[in-house]
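>>> Compute the structure for the input listed below.
(chains A and B)
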Amino acid sequence: MSAVIAKGVGKTFGTKSGDVVALTDVELTVEPGEFVSLIGPSGCGKSTLLRLIADLDSATTGELEVFGKAARQARIDQDYGIAFQQAGLLPWRTVAGNIALPLELHGVSKKARADRVAELAALVGLDDFVDRYPDQLSGGMQQRVAIARALAEQPRLLLMDEPFGALDEMTREYLQGELARIAAETGAAVVFVTHSIPEAVFLSDRVVVMSPRPGRITDILTTGLGDARTEALRESPEYFERVTAVREALHGAPVERANER
Amino acid sequence: MSRSRAAIAWGALGVLAVLVAWELYKFLGPADGLIVGAVAGETGSGVMILPRTNDRAMPHIWDMVARLFQSASGGDTPPLIVPVVTAALTTLGIAAVGWLIGVAVGALLGLVMQRWRLAEWGLLPWIVVSQTVPLIAFAPLIASIGSQVDRAGTVPWPQWLSVAVIASYLAFFPVAVGVLRGLESPDRIHLDLMRTYAAGYWPTLFRLRLPAAVPHLLPALRLAAANAVVGAVVAEVSIGMRGGIGRMLIQLAGQGSSDPAAPWGPTFGSIALGLVAAGSVALVGLGLRNYRRGEAAV
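Predicted coordinates:
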């Protein structure tokens, strides 16, 4: 069963100055365990699409299924975990308390919660920080807590909205490597919104290229880079080739190369 | 640590400045004040520009303090400070009840207004208008309702309860507004997150909205405490309840011409009262320190 199936999905926002078409005619399938990035300029509807899958907004047209259910039911059944651009941690809770929040809300016993929190803290490399408060952590560490929280209930689908967008380049590359490892370890499908081409290529099995006015999918590229998402990949010719391919798809025409000028 | 020490130093300096200003004016100002446009032989005519500085109008600060330790009303009566403290404690108790009623009513109004937007539109203007009604206008009304209830016999309604209810009328306002603003303070992202957890109204209230409201709530509770004290003092005076500091103030002020330092006793008492009331709320804040982390970070 596919993790996500979107058929003819569209979203129109009604505003004072008339209707705005945020997304139109989206056809997309995400298989279990697959890593799919949504990339495009602002206003292309990539975040809107993610919010529709998460049932934070509802689609105006078309059908959207998450694990064979309506998006709303999938949300109620906690079939996905989610992380946003801001970590969105509750400042009055410790790292452990933040990771445990979804477990607490769904009545997981105290003992089971403590075990799961320890496991997740180890997974994201924050074993020594479980008793800290968010304001005592760096941005990158906060984001790792948010990822651990998203994974708390072992979702088969992870939705991420530019989770590394507010971080510096070095932290960003480090966390990309971590995320690739975590995604492989948990076997969860990932829908990942980004506006960074190298990030999309490094992480994804498929890159969905989107375009604005109205927001729509213009191209879907398979990276075919295999399972080894290591730092060495960033320097390989295949990787550069894929980055170029995504860039050309984004710009709608072959990009003139420096040596061909 | 050094910041709190500096705060204490500045506070002490402020008090000292008031004391110095008082004594300085008393020393420099004209004993009988300065009156412009007075008609000879007509008492009370003209406009007073500078107040009188004689000992009857402006007693020395040391006289005020010394008066506290002299017998309250001559003879064998205990020093003035004893009835002042007793009266202050009585008023504090009544103000505390008023504070509790005000906090309960205010919190309930805040919750209802946050839950239903329509309730906010309907209630908030009335809540604001309610504070423009002068306390002394409706204090007798509450007192008469209270005494009627008491006379009916089913429920006892002592006079102090009327005072507490009137005090709560001033106390509920900052709480209602503070709770409403506080409950609406969580970020969009946190509300989205709770929605993805399929958390309904109550879990969202207890896990997100109430903890997030704490930084808004503490100043509101402090304001409510100060308001409850002011309300209790004014209510005591306007419905003529005995035993509290408000009544004592009026009584001693009436004897002011013969014993000018005496009314300053209950004045200091009510100042102390307000400080104790606001300070007690600050203690509540200490217990909730973790919920105020958001104020420091981000």
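
>>> Run through the residues of the stretch 51-200 of chain A sitting next to chain B.
Contact residues (C-beta under 8 Å from any C-beta of the partner chain) of the stretch 51-200 of chain A with chain B: A:54-56, A:75-76, A:78, A:80, A:82, A:84, A:86, A:88, A:90-92, A:101-102, A:104-106, A:133-135. Bear in mind the C-beta positions are built from the backbone N, C-alpha and C, glycine included.

>>> Hmm, residue B:92 is touching residue B:278, no?
No. At 11.8 Å, residue B:92 does not count as touching residue B:278 under the criterion of C-beta atoms under 8 Å.

>>> rewinding a little: next step: the residues of the stretch 51-200 of chain A next to chain B restricted to helices.
Mapping these onto helices (DSSP state H) picks out A:75, A:76, A:101, A:102, A:104, A:105.

>>> Weed out the non-buried ones from these.
Neighbour counting with 16 or more other C-beta atoms under 10 Å in any protein chain shown marks A:75, A:101, A:102, A:104, A:105 as buried within these.

>>> Touching, the fourth one and residue A:116? I think so.
No. Contact status for residue A:104 versus residue A:116: not in contact, 10.9 Å apart, counting by C-beta under 8 Å.

>>> Closest approach to chain A from the stretch 101-250 of chain B, which residue is it?
Chain A sits closest to residue B:189 of the stretch 101-250 of chain B, with a gap of 4.1 Å, by C-beta to the nearest C-beta.

>>> number of nearby residues for residue A:122?
12 (other C-beta atoms under 10 Å in any protein chain shown).

>>> give me the element it is part of.
Following DSSP states H and E, one finds residue A:122 within helix A:110-123.

>>> ok, residues contacting whichever helix or strand comes after that helix?
Following helix A:110-123 in sequence order, the next helix or strand is helix A:139-150 (DSSP H and E). Helix A:139-150 is contacted by residues A:81-84, A:87-89, A:95, A:98-99, A:101-102, A:120-121, A:123-126, A:129, A:134, A:137, A:158-160, A:163-164, A:166-167, A:171, A:174-175, A:178-179, A:182 when judged by C-beta atoms under 8 Å, 6 or more residues apart in numbering or on different chains.

>>> The same query, at a cut-off of 6 Å, please.
Counting contacts by C-beta atoms under 6 Å, 6 or more residues apart in numbering or on different chains, the residues outside helix A:139-150 that touch it are A:81-83, A:87, A:89, A:95, A:98-99, A:120, A:124, A:126, A:134, A:163, A:167, A:171.

>>> quick one: which of the residues you listed is nearest residue A:201?
residue A:163 (16.6 Å; C-beta to C-beta).

>>> which of the residues of the stretch 51-200 of chain A next to chain B count as buried?
A:54-56, A:75, A:78, A:80, A:82, A:84, A:86, A:88, A:90-92, A:101-102, A:104-105, A:133-134.

>>> residues touching residue 61, list them.
Assuming you mean chain A. Applying C-beta under 6 Å, 6+ apart, the residues near residue A:61 are residue A:10.

>>> Actually, chain B is the one I wanted.
So residue B:61 contacts residue B:19 (C-beta under 6 Å, 6+ apart).

>>> for it, phi and psi?
Note on residue B:61: backbone dihedrals following degrees, to the nearest 10 are phi -60, psi -40.

>>> Could you do residue B:75 as well?
phi 70, psi -140.

>>> Next one: it relative to residue B:262, how far apart?
According to C-beta to C-beta, to the nearest Å, residue B:75 and residue B:262 sit 15 Å apart.

>>> More neighbours: the two, which one.
residue B:262 (24 against 6).

>>> Excluding covalently adjacent residues, which one is nearest to that one?
Nearest non-adjacent residue to residue B:262, counting by C-beta to C-beta, 6 or more residues apart in numbering or on different chains: residue B:252, 4.6 Å away.

>>> count of neighbours near the one you found?
Count around residue B:252 with other C-beta under 10 Å applied: 24.

>>> now residue B:134
Neighbour number of residue B:134 under other C-beta under 10 Å is 9.

>>> which ones are touching it?
Residue B:134 touches nothing, counting by C-beta under 6 Å, 6+ apart.

>>> give me that answer again for 10 Å
Counting by C-beta atoms under 10 Å, 6 or more residues apart in numbering or on different chains, residue B:134 touches B:234, B:238.

>>> Over to residue A:131?
With C-beta under 10 Å, 6+ apart, residue A:131 has these contacts: A:94, A:95, A:96, A:97.

>>> do the same with residue A:86
Residue A:86 neighbours (C-beta under 10 Å, 6+ apart): A:139, A:142-143, A:146, A:161-163, A:165-166, B:187-190, B:298.

>>> and if we set it to 7 Å?
Applying C-beta atoms under 7 Å, 6 or more residues apart in numbering or on different chains, we find residue A:86 in contact with A:166, B:189.

>>> Secondary structure class of the closest residue to residue B:250 other than its chain neighbours, three-state.
Setting aside the residues directly before and after it, residue B:250 is nearest to residue B:237 in space (C-beta to C-beta, 6+ apart), at 5.6 Å. With DSSP: H, G, I helix; E, B strand; the rest coil as the basis, the three-state label of residue B:237 is helix.

>>> I'd guessed residue B:237 sits against residue B:251; true?
No. Assessed by C-beta atoms under 7 Å, residue B:237 is found out of contact with residue B:251, at 10.0 Å.

>>> what about those two, which has more around it?
Each of residue B:237 and residue B:251 has its neighbours counted (other C-beta under 10 Å); residue B:237 has more, 20 against 15.

>>> pLDDT score for the more buried one?
On the pLDDT scale, residue B:237 is placed at 88.

>>> gap between it and residue B:228?
15 Å.

>>> where do the strands sit along the stretch 151-261 of chain A?
Assigned by DSSP state E, counting those that start in this stretch, the stretch 151-261 of chain A shows strands spanning A:157-161, A:189-194, A:206-211, A:216-222.

>>> ok and the residue in the stretch 1-150 of chain A nearest chain B?
residue A:135 (3.2 Å).

>>> any chance of the strands of the stretch 151-261 of chain A in a markdown table, with mean neighbour count too?
Shown next, in a markdown table, are the strands of the stretch 151-261 of chain A (neighbours: other C-beta atoms under 10 Å in any protein chain shown):
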| stretch | mean neighbour count |
| --- | --- |
| strand A:157-161 | 24 |
| strand A:189-194 | 25 |
| strand A:206-211 | 23 |
| strand A:216-222 | 17 |
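
>>> Pipe those into a markdown table and attach mean pLDDT per row.
Written out in a markdown table, the entries for those read as follows (pLDDT from 0 to 100):
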| stretch | mean pLDDT |
| --- | --- |
| strand A:157-161 | 92 |
| strand A:189-194 | 93 |
| strand A:206-211 | 90 |
| strand A:216-222 | 87 |
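
>>> Okay then, goodbye and thanks.
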